[in-house]
Structures are given as structure tokens and as C-alpha cells.
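**Student:** after the sequence you'll find the predicted model.
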Amino acid sequence: MERPSLEINLPDIHEEGKLYVVDSLNNLNKLNVCPDESQHSLDEEENTGDTGENMAGSNTGNQYLFITFILTLIISLALVSFVIFLIIQTRNKMDQISSRLLSEKKSIDELKKINNILLKHLNHSGIKD
């Protein structure tokens, strides 16, 4: 099956006419190349015009936007979880420190009582420095 050359000289046609002729030649070439079953998809493409390419581009852009949004949410969730973990760890450390301070305060109070008892005993026995 030989294909004839589709070259056409277009010396006097304006730019829009050239584009129209090129589109017509492309459609003719598609009809010669594509089987009859795919003609339906060509008709749909023809009906949508250039919006099909724009929708495909925007669909890909929407997919990238959606993926970026999901990744941002995942990273935000990880950061929030890490901050909560740090808050809990800090609270535990503060509880340990406060309990240690309370036990040391009790020890200091006991030492003060013992010191006062010793001073009273030394004062009663008459030994002074």
C-alpha cells in the first residue's frame, strides 16, 4: 500500500489557512494510518479540540499538586508527632527533677532538725566555742 506524497505548495495562503491545511492533512493521515475502530476516538478528540491537551496537562498538574499536598500532610504529621514526643519526654524529665528536688528538700529539712537538736544539746551541756 503506497502512500502518496502529501506535500503541497502554499505560497498565497495566510497563516490561518496554512494551519487549517496542516490540520486537514494530519486528519487525513490519521484516517489512512488508524484502523476503523479507533475512528471513534478520533471523532471524540476532534469534538474536544485543544481542550484535551489542556485537560491532560492540568490533570498531570493536579496529580503533582495532590502528591505535593499529601507529602506536605505526611511531613506535617511527622513533625507534630515529634513535637508531641518531645513534650512528653520533657514532662517526664520535669517530673523526675521535681520529685528529686522534693526528696532533697525533705533531706535538707531533716538535716536542719538534726542540726537544731545538736545545737540545743550542746547549749544545755555548757560547751561553747
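**Tutor:** Ah, there it is.
**Student:** remind me, longest helix of this structure?
**Tutor:** helix 51-125 (DSSP state H).
**Student:** lowest-pLDDT helix or strand in the protein?
**Tutor:** When the helices and strands of the chain are scored by mean pLDDT, DSSP states H and E, helix 39-48 comes last with a mean of 54.
**Student:** okay, now the unreliable bits of the chain?
**Tutor:** 1-20, 22, 31-57, 127-129 (pLDDT under 70).
**Student:** can we see that at 50?
**Tutor:** 1, 13, 51-52 (pLDDT under 50).
**Student:** distance check, residue 124 against residue 115.
**Tutor:** In this view, residue 124 and residue 115 are 15 Å apart by Cβ to Cβ, to the nearest Å. C-betas here are computed from N, CA, C, even on glycine.
**Student:** also residue 70?
**Tutor:** Distance from residue 70 to residue 115, by Cβ to Cβ: 67 Å.
**Student:** next: residue 88.
**Tutor:** Taking Cβ to Cβ, one finds residue 88 at 41 Å from residue 115.
**Student:** now do residue 79
**Tutor:** Distance from residue 79 to residue 115, by Cβ to Cβ: 53 Å.
**Student:** please apply the same query to residue 21.
**Tutor:** 111 Å.
**Student:** who has more neighbours out of those two?
**Tutor:** residue 21 (13 against 10; other Cβ atoms under 10 Å).
**Student:** now that one, what's its secondary structure?
**Tutor:** Residue 21 carries the three-state label helix when classified by DSSP: H, G, I helix; E, B strand; the rest coil.
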